[in-house]
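**Q** Quick one, structure for this:
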Amino acid sequence: MTITDKIFLRQKRGFSQLFGTVFKLVRKNFSVLVGSLFITAGPFILLTAVFTAWLNSTIFRPFIGLSQNLFRGDITQTLSDVITNAAGWVALIWVFSLLSYSFIRTTMANFFVIYESKLEGESFTVQEIARKTYKDVWMVFTGMIVFSLVSFVVLAIVAIPFFLLCTSGVGGIIFAIFLLFIILIAFGPQLGYIFSYAPPFVMVRDKVFVFTAIKRTIANIKGNFWWLWVLMICMGLIIGIFSMITNLPATIYQMGNTFGRSDFGTGDPEEMLNSATSPVYIALYSFGLFCGSVITCLADMLMAVSYYSFEEERTGMGLSLKIDEIGRPEENPNYN
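**A** Sure thing, here's the model as predicted:
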């Protein structure tokens, strides 16, 4: 496609302007956006969906006889079977989920990097984004693996006070749950922006490692912490509604398969679990997951547009860059 009426990214925007810019970018570049995601992240999203759908049956299959085992003293063996059956699948799903995450985030980052490098009237293609994504994705993938391992250690340490509260009785458990709820509500959206959405974008655009990207993100949102909370909550509601719609086919099929069985009410868990691995369910589940992944890219786009906005507010470089666009060189330093 050819870029027409190009949107200048490096400018300060208000609340409605941020969302308006995101939806305008989607509307004008929909085929490039979806096509890029389908080529780069599509295979990994599909594999993640298939493995997850299969896990829905595999992980719970040992529980089929749990009600009988309650009085036989076999619960330990049952739980051992669950762990044995699920461990491999969970590890596999984690790897493919991280690959999906890396490809989606890298694709979205390159969407903006390449879009920003283009002049009015130049071509903007799926092949360009895909080619650069395959080049950059391993930097993001390895960076996020390192970050995941460090986060696991940090979260394990942070979880110690909550564990101690939970061992102090019912009151401690209630207080720990309440405290965790408050933390997630108050800081969850901002932490998602800082640690999940922004780092891949900054890594790809600025060619830095994950921890430098996080440091730059924190510096960039300084003074906009609660403003960012409002943005991410609103986008989260939009994504939640659309994701629920895309998952309806799989949900309806599963409910119809459950309530439409001739043996419904007999409590046959084997039959219920088998429905989770039917080809139709896996296809519908995969479709919903892919559409949901595309929809979550709205958050990536909001992150990128708001990042440019915060950056312009902090540095004020946008105006000079816009003036320089008239006679700037063909090559953009960010596009290689």
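**Q** got the contact list for stretch 166-186?
**A** Stretch 166-186 has contacts (CB atoms under 8 Å, 6 or more residues apart in numbering) with 162, 164-165, 229. Placement of C-beta: from N, CA and C, glycine included.
**Q** Quick one, grab the pLDDT at residue 66.
**A** For residue 66, the pLDDT comes out at 49.
**Q** typed the wrong thing, it's residue 324
**A** 60.
**Q** Residue 265 too?
**A** Residue 265 is assigned a predicted lDDT (pLDDT) of 48.
**Q** coming back round to it: among the contacts of stretch 166-186, which one sits closest to residue 125?
**A** residue 229 (36.4 Å; CB to CB).
**Q** where's that closest one, which helix or strand?
**A** Using DSSP states H and E, residue 229 falls within helix 225-246.
**Q** Next, the buried residues of that helix.
**A** Judged by neighbour count (16 or more other CB atoms under 10 Å), helix 225-246 contains these buried residues: 228-229, 231-232, 235, 238-239, 242-243, 246.
**Q** Need the CA coordinates for the next helix or strand after that helix. PDB is fine.
**A** Scanning forward in sequence from helix 225-246 by DSSP H and E, the next helix or strand is helix 248-259. Extracted in PDB, the C-alpha atoms of helix 248-259 (Å, rounded to 0.1, in the frame of the first residue of the first chain):
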ATOM      1  CA  LEU A 248     -17.700 -16.500  21.700                       C
ATOM      2  CA  PRO A 249     -17.600 -19.200  19.000                       C
ATOM      3  CA  ALA A 250     -15.400 -21.500  21.000                       C
ATOM      4  CA  THR A 251     -17.400 -20.800  24.200                       C
ATOM      5  CA  ILE A 252     -20.800 -21.400  22.500                       C
ATOM      6  CA  TYR A 253     -19.500 -24.600  20.900                       C
ATOM      7  CA  GLN A 254     -18.200 -25.900  24.300                       C
ATOM      8  CA  MET A 255     -21.400 -25.000  26.000                       C
ATOM      9  CA  GLY A 256     -23.500 -26.600  23.300                       C
ATOM     10  CA  ASN A 257     -21.400 -29.700  23.400                       C
ATOM     11  CA  THR A 258     -21.800 -29.900  27.200                       C
ATOM     12  CA  PHE A 259     -25.500 -29.300  27.500                       C
END
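**Q** what stretches of the stretch 1-150 of the chain score poorly on pLDDT?
**A** 53, 55-89 (pLDDT under 70).
**Q** where do the helices sit along the stretch 201-336 of the chain?
**A** Ranges of helices in the stretch 201-336 of the chain, per DSSP state H, counting those that start in this stretch, are 210-220, 225-246, 248-259, 269-275, 279-315, 318-324.
**Q** re earlier: so for the helix holding residue 229, mean pLDDT?
**A** Here helix 225-246 scores 88 as its mean pLDDT.
**Q** Equivalent analysis for stretch 160-177, please.
**A** The average pLDDT for stretch 160-177 rounds to 78.
**Q** Now do the buried residues in it.
**A** By neighbour count on 16+ other CB under 10 Å, the buried set for stretch 160-177 is 162, 165-166, 176.
**Q** same question, stretch 245-258
**A** 246-247, 249-250, 253-254, 257.
**Q** Kindly report the same for stretch 203-214.
**A** Neighbour-count burial for stretch 203-214 flags 203-205, 208, 210, 213-214 (criterion: 16+ other CB under 10 Å).
**Q** Now intersect the buried residues of stretch 160-177 with the helices, please.
**A** 162, 165-166, 176 (DSSP state H).
**Q** quick one: which of those is nearest to residue 223?
**A** For those, the residue nearest residue 223 by CB to CB is residue 162; the value is 30.7 Å.
**Q** which residue packs closest to the closest one, ignoring adjacent ones?
**A** residue 176 (4.8 Å; CB to CB, 6 or more residues apart in numbering).
**Q** Please apply the same query to residue 303.
**A** Closest residue to residue 303 apart from its sequence neighbours, by CB to CB, 6+ apart: residue 197 at 4.2 Å.
**Q** and the one you found, how many neighbours?
**A** 23 (other CB atoms under 10 Å).
**Q** show me what contacts it?
**A** Per CB under 8 Å, 6+ apart, neighbours of residue 197: 105, 299-300, 303.
**Q** Quickly note the distance from it to residue 46.
**A** According to CB to CB, to the nearest Å, residue 197 and residue 46 sit 23 Å apart.
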